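J.: sequence unknown, structure follows:
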């Protein structure tokens, strides 16, 4: 029978590598190289939701990287937050800029946090902030985003369904807007797939900072406003809402993204 000390030791040194299953390693050298061995790149989903800020990712979401993210998120391999945070910090640095950095995690659905027992994006963001500070970049996590209504599970939804599912779903908590003026805001998440979550998070931050996007106080209370949010649409290479992300000091970074999103030079 497992003792409590064995359970505790698994938090510090998991029974197997999160990427390949090699015994007694948080993350083996080969899987660590897959996660952080290459320079982070800018990524862009296709189609691209309007309002999506510039996004950098550390690695393609495949093989060992995919297994590592799933082990941390779904199986509670919490020690993986360290190497995942290192990867995220690299993606944050790849976005450039100088001065303090505010990492704003994209929140998970409340039911998902309860089921998993932790918030993966926030945990990785905290690890990334520590890495950035140790390497000379002032950074802190500002967990100001909240869900203002329930959302469905995103898995199994296509691009348009994800946009509809998340439209108007996020907001900055009361008083949180004033915390966003002390540095460059970087939205962070463990994974970008369609970009719908990051686009919605960016909209909520812009509303809190300068009211540039209108959303009704009660989602669904005013159909015209709701439809304006739901039909933000998609864009090719630039945001159709006319928002200059660099001017607003808003960008995004993720640990991983689909391999084809790394091919941003499209005709």
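T.: That came in fine, so what should we check first? From a predicted model like this one, the values you see are computed outputs, not experimental measurements.

J.: all contacts plus neighbour counts: C-alpha atoms, from now on.
T.: Fine.

J.: ok, and what's touching the one helix or strand residue 200 maps to?
T.: Element membership for residue 200, per DSSP states H and E: helix 196-210. Here helix 196-210 makes contact (Cα atoms under 8 Å, 6 or more residues apart in numbering) with 49-53, 106, 145, 159, 162-163, 166-172, 176-178, 180-181, 187, 192, 212-214, 250, 252.

J.: In helices, which of these fall?
T.: Applying DSSP state H to the contacts of helix 196-210, the entries found in helices are 159, 162, 163, 166.

J.: rewinding a little: of the contacts of helix 196-210, buried ones?
T.: 49-53, 106, 145, 159, 162-163, 166-172, 176-177, 180, 187, 192, 250, 252 (16 or more other Cα atoms under 10 Å).

J.: what separates stretch 192-204 from the chain centre, distance-wise?
T.: How far stretch 192-204 lies from its chain's middle: 8 Å, per Cα atoms, centre = their mean, to the nearest Å.

J.: Could you give the average pLDDT over it?
T.: On average, the pLDDT along stretch 192-204 is 94.

J.: Check which residues of it are buried.
T.: Within stretch 192-204, the residues that count as buried by 16+ other Cα under 10 Å are 192-204.

J.: between those residues, which is closest to residue 259?
T.: Proximity of the buried residues of stretch 192-204 to residue 259 (Cα to Cα) peaks at residue 193, which lies at 10.0 Å.

J.: circling back: how far off helix 159-166 does the helix holding residue 200 point, in degrees?
T.: Helix 196-210 and helix 159-166 meet at an angle of 40 degrees, taking axes from the mean of the first three to the mean of the last three Cα atoms, to 10 degrees as the criterion.

J.: Out of the ones in helices among the contacts of helix 196-210, give me the two with the largest separation.
T.: Within the ones in helices among the contacts of helix 196-210, 159 and 166 form the most distant pair, 10.9 Å apart (Cα to Cα).

J.: Worst mean pLDDT across the helices and strands of the protein, which element?
T.: Using mean pLDDT, DSSP states H and E, the weakest-scoring helix or strand in the chain turns out to be helix 223-230, at a mean of 38.

J.: ok so, going back, now render the buried residues of stretch 192-204 as CSV, adding distance to residue 70.
T.: CSV is the format used below for the buried residues of stretch 192-204 (distance: Cα to Cα, whole Å):
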residue, distance to residue 70
192, 14
193, 14
194, 18
195, 19
196, 20
197, 18
198, 19
199, 23
200, 23
201, 22
202, 25
203, 27
204, 27
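
J.: Pick out the most distant pair among those residues.
T.: Farthest pair in those, by Cα to Cα: 193 and 204, 19.1 Å.
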